[in-house]
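1. Predicted model and sequence below, questions to follow.
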Amino acid sequence: FDCRPLTDLQAARWHLPTSPGTMAVVVGSLAAIVRLAVVVCVAILLPCHGVLHLSEQQVIAATSFGNVSTFERFWDTNPLPDKSGYDCATGLVGRCMFQRNDTWLQAVAPAWLSNTPATASGLTRPYATRLSAVRVLGGLATRLPNGTYQPLPQFDLVHRSRAGKLVTNWTRLDVTLDGFLAAGVTPSPIVLDNVPYAFVKEPTFVGFGQASGPDDPIEFAAFIEDLVAHLVARYGAPQVGAWSFRVGTECNGPRYGPPFVQGGLDQYIRAYDAVVAAVKRVSPTSPVGPSNFAAVSINNCSTCKYLEQFFDHVRENQVPLDFAALSEYSRTDRFGGAPASIMTEAPTVLAQLTSRAGRPDVPREVHEFGWGSWLPFNDEASWPRGAFGAAWTAAAWLWLHSAGIGRVFHWGYYFDNGLWRHNASGTGGHMLVSGSGWLYSSAEHLVGGQAARFLRQVAVTSRPATVQPHANQRPRHHPGGAAPRREHIPPHFPTPPPPPPSHGRAALPLQPDYNLTLGGWRSAHKQRKVLHYLVVLHSPDYHQHVSCPVRIDVTALDFPGGKPFWPLDRVGAPTSTGGATVPVVQTLLDTTTAVHDVMQSDLRGMGGYPEFLTHNDSSVDGIEKMATPKGLAQVLLRAKHYTNMGTASVHPAAFTGKVQATNAMASLTFNLTTPSIVLLTIGGSGGDL
């Protein structure tokens, strides 16, 4: 390839702040921790058609990233709505809980098991220490083929007797929470929705069940007070006092009453005020906050003026508000791509809203996060399972954090049971590790270390005409029903406009805002004497493969107190036995190591669409969605091979880059090609992972 060296980036110094709760990326120091010297080439099986341009102005300063003195597991909350939490807790869903001594889980999630305490039950829920218990009150319904809904009041925690008296039944709640607590999972937040049928004379319905607010907010709040009192009696005041409570889900839409744009704000405020007061009367220390709000943006935000009124109400009436949250899914650009940098829009608005409420320092979180498959993305996957999905997730995390988001919940999707369901014996009873599973497994190694983060935006100055979406792409709309275990932005919310008519195989013009994300985290573990770097290179275009040689310069500033764990000149230095004095290993996820990418590539090699693949496209989905029955049969013939490949992907291999070390600095140079993530480990035994 005709790769040409471009300008070297000036050094970016990572440092821990002298004041807690902030971090900065400072540009321009020779004594830097990390210097990224980048040579870029667009490699699409053709000579280079374009280059990346890096400039000093494109370095992103990151501030207010919470407590960066220790790398925290910010992704560890898993929403399980409706009855799915109960089904998981009672074993009705296969492979929802795992035994900690499961040999396969020990192989794919070693750091998770090492970092989380053992439980008396021996159970664990991978990558979740907290449960977001959504719609735990009831108000469930089944959508029928004719578009009407069948109420399911038997799952409500309360019903009204013929005499008009409220009668509670805490069984579903108790069984759900008991099961998760036994697996070491804290139920927080407990989401106080849907409103049970007992409080609504004329229920209305959306895809997630009963959507009306309570007819009498005071009566409903009295029920919530009884619920919290029951929790305190069962689990103790100290434990419940640490659990958070959220009043509804996406209530700026048609839940807890009409959408805000149709006059629902006043009804939600009455319910919120009453419910918050009820919780605080019983458990004063429990954090309480409003619904996670959806479809929030800087421009074209139909509900933002109503959100301003809600937060003004909080300030003017001194109503408790202990956290604020969003639903934030992937956003498409005009080309049908998925840039990560625009994930800062909603958090920026949320920060303005909490400041408006006089609560600028409350935690700001994303309580729903993932892939917005209902938007007109070129990538037709329902949920990208390979390297692209993982790279987008990591890049989105970085941008969300840069905008002040502290926690990002996850829907799971870390394992794919598609082959296991069809051929349990052929897979050894094991599942495939998805790109998300790789990311969670790798990020777990950073937990507990002294940490810092870096983030850069890299502008693409030209794009090859060959790197285009396929001609059959058309805008896709959000389905009317609920996707399993996933929320969505309701269809009444405005969505970004579809791509222009030229969207297709025609060459795209130069767009300076079409950027890559290059960033990651560093974590230093003093006790283990190990240094980790988790680095991602993401392109909004899943077709695009941009190769970036990256250099990381390790100096004393990378270590706690400026004291290296080992002599820097011994990093990568060979020993007489062929190893290294201070070993360097890598765990790489790209299109050659992500098992879903490999399966998709293999099926394309057999003939692809329509015989073996469901789409004439290179997007990567779960195996049952990506492969036709004939394609699935072919993959099942090699079920063990693919299962083993997924397991092997989370384990370290020899570092394929170059190491140059002196007494003052150890430089690691390696290549990343979009989409990819690499976990570099320096020190330990070389098998520290």
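-> Yep, it's here.
2. Against residue 171, how distant is the nearest residue to residue 183 once chain neighbours are set aside?
-> Nearest non-adjacent residue to residue 183, counting by C-beta to C-beta, 6 or more residues apart in numbering: residue 123, 4.0 Å away. Backbone N, C-alpha and C define where each C-beta goes, glycine included. Using C-beta to C-beta, to the nearest Å, residue 123 is found at 21 Å from residue 171.
3. Please name the residues that touch residue 320.
-> 276-277, 280, 288 (C-beta atoms under 8 Å, 6 or more residues apart in numbering).
4. Now with 10 Å, please.
-> 272-273, 276-277, 279-280, 284, 286-289, 314, 359 (C-beta atoms under 10 Å, 6 or more residues apart in numbering).
5. If you count surrounding residues, which of residue 123 and residue 171 has more?
-> Using other C-beta atoms under 10 Å, the more surrounded residue of residue 123 and residue 171 is residue 123, with 19 against 10.
6. Correct me if wrong: the more buried one contacts residue 95.
-> No. Counting by C-beta atoms under 10 Å, residue 123 stays clear of residue 95, with 12.0 Å between them.
7. So which residues of the stretch 301-450 of the chain form strands?
-> Listed in chain order, the strands of the stretch 301-450 of the chain (DSSP state E, counting those that start in this stretch) span 324-329, 364-370, 407-408, 415-416, 432-433, 450-460.
8. hey, which of those strands is tucked in deepest?
-> For the strands of the stretch 301-450 of the chain, the largest average neighbour count (mean count of other C-beta atoms under 10 Å) is found in strand 432-433, namely a mean of 28.
9. circling back to that earlier point, among the contacts of residue 320, which one is most surrounded by other residues?
-> For the contacts of residue 320, neighbours tallied by other C-beta under 10 Å; top is residue 272, 28 neighbours.
10. And the pLDDT for residue 557?
-> Here, the pLDDT recorded for residue 557 equals 89.
11. Enumerate every residue touching the spatially most central residue of the chain.
-> The geometric centre of the chain, computed from its C-alpha atoms, lies nearest to residue 410 (C-alpha atoms, centre = their mean), at 4.8 Å. Neighbour list for residue 410: 75-79, 127-128, 132, 366, 368-370, 393, 436, 439-440 [criterion: C-beta under 10 Å, 6+ apart].
12. Now do it, the pLDDT please.
-> Confidence score, pLDDT, at residue 410: 96.
13. ok, so what distance separates it from residue 131?
-> From residue 410 to residue 131 the distance is 12 Å (C-beta to C-beta).
14. try residue 653
-> In terms of C-beta to C-beta, residue 653 sits 35 Å off from residue 131.
15. And residue 318, by the same measure?
-> 31 Å.
16. Out of those two, name the residue with the larger neighbour count.
-> Taking other C-beta under 10 Å, residue 318 and residue 131 do not tie; residue 131 has more neighbours (27 against 8).
17. any idea which element that one lies in?
-> strand 130-133 (DSSP states H and E).
18. Using PDB, write out every CA atom in that strand.
-> Extracted as PDB, the C-alpha positions of strand 130-133 are listed here (Å, rounded to 0.1, in the frame of the first residue of the first chain):
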ATOM      1  CA  ARG A 130     -26.000  -4.300  39.700                       C
ATOM      2  CA  LEU A 131     -29.400  -5.100  38.300                       C
ATOM      3  CA  SER A 132     -31.600  -2.400  36.800                       C
ATOM      4  CA  ALA A 133     -35.000  -3.800  37.800                       C
END
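19. Not counting it itself, show me its contacts.
-> Under C-beta under 10 Å, 6+ apart, the answer for strand 130-133 is 73, 76-81, 85-86, 88-89, 125, 173, 176-177, 179-181, 183, 185-192, 243-246, 249, 292, 325, 367-368, 407, 409-411.
20. how about 6 Å then?
-> 76-77, 79, 85, 180, 185-191, 409 (C-beta atoms under 6 Å, 6 or more residues apart in numbering).
21. And stretch 107-120, by the same measure?
-> The contact list for stretch 107-120, computed with C-beta under 6 Å, 6+ apart, reads 100, 126, 184, 433, 441, 444-445, 447, 647, 650.
22. Show me which parts of that stretch are buried, residue by residue.
-> Going by neighbour count (16 or more other C-beta atoms under 10 Å), the buried part of stretch 107-120 is 108-113, 116.
23. swap in stretch 203-215?
-> So, applying 16+ other C-beta under 10 Å, buried residues of stretch 203-215: 203, 205-214.
24. Check stretch 412-421 too.
-> 412-420.
25. What's the end-to-end length of it?
-> End-to-end distance for stretch 412-421: 18 Å, by C-alpha to C-alpha, to the nearest Å.
26. And the contacts of that stretch?
-> For stretch 412-421, contacts defined as C-beta under 6 Å, 6+ apart pick out 383, 427, 431-432, 434, 436-437, 440, 622-624, 639.
27. which stretches of this structure aren't confidently modelled?
-> 1-69, 458-514, 576-578, 686-689 (pLDDT under 70).
28. can you name the farthest residue from the center of it?
-> The outermost residue of the chain relative to its centre, with distances by C-alpha atoms, centre = their mean, is residue 163 at 47.3 Å.
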